[in-house]
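**Q** Give me a model of this one.
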Amino acid sequence: VAYAAIGSAATVALGKPLVGLNYVQLSREADLRYLLVRLRENAESLAFFRGERQEALGAADRLRGAVENGRALLGVQRKLEFFTVGYRYLIQILPILVVAPLFFNGRIELGVISQSVGAFNHILSDLSLIGARAPLAARRQRVGAAHTSAATRRRLPLQRCTRAQFVRRGLGWGTEPVAS
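**A** Next up, the predicted model:
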């Protein structure tokens, strides 16, 4: 029970930064893709007004941000994977280490060691909270975020935008939600 609790707590502690890092990574990659599409669509205007240098600096900054966050994400994933691999291998060794002294003293037979490994693995799989419930929790979190986003959009008042407001605010043309 203690082994499962310690393993679950350590996995949560090591994996907690992944939520934020994954969110930031998706956001930075989307910003970079948006910039690249915008550059492609406006290539003629950029060349005419000689804006290549400024746009290249912006693209380099966005790419640098995505790469730096990607490296941080890989670092956290590496730490988590090192822990989980060690944790899984220790599952096979720990029951043998606990039962081996009894075998060498002649108090149990060799088959009991195999039975103890099987029992330990069975109990541990039942008590491990992270592996079995993580996908369900992630799905529930995504549904909750979508519901909150939809509820927020419904509460925003609709307002007409003029062409000048469209340019200043960066909104779509016509009737758009505007935060109060």
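**Q** Would you pull up how far the longest helix seen in the chain lies from the middle of the chain?
**A** Secondary structure of the chain per DSSP state H: the longest helix is helix 52-104. Using CA atoms, centre = their mean, to the nearest Å, we find the averaged C-alpha position of helix 52-104 to lie 12 Å away from the chain's own average C-alpha position.
**Q** I'd like to know which helix or strand in the protein has the lowest mean pLDDT.
**A** strand 175-177 (a mean of 45; mean pLDDT, DSSP states H and E).
**Q** if you skip the residues just before and after it, what's nearest to residue 119?
**A** When the adjacent residues along the chain are set aside, residue 119 lies closest to residue 95, with 7.7 Å between them (CB to CB, 6 or more residues apart in numbering). Glycine gets a C-beta too; all of them are placed from N, C-alpha and C.
**Q** Residue 117 too?
**A** When the adjacent residues along the chain are set aside, residue 117 lies closest to residue 95, with 4.7 Å between them (CB to CB, 6+ apart).
**Q** Same question for residue 52.
**A** Skipping the residues right next to it in sequence, residue 52 comes nearest to residue 46 by CB to CB, 6+ apart, at 5.9 Å.
**Q** is it true that the one you found touches residue 58?
**A** No: when contacts are counted by CB atoms under 8 Å, residue 46 is not listed as touching residue 58 (11.1 Å).
**Q** Comparing those two, which residue is more hemmed in?
**A** residue 46 (18 against 15; other CB atoms under 10 Å).
**Q** what helix or strand does that one sit in?
**A** In this structure, residue 46 sits in helix 43-48 according to DSSP states H and E.
**Q** Quick check: buried residues in that helix?
**A** When neighbours are counted by 16 or more other CB atoms under 10 Å, the buried residues of helix 43-48 are found to be residue 46.
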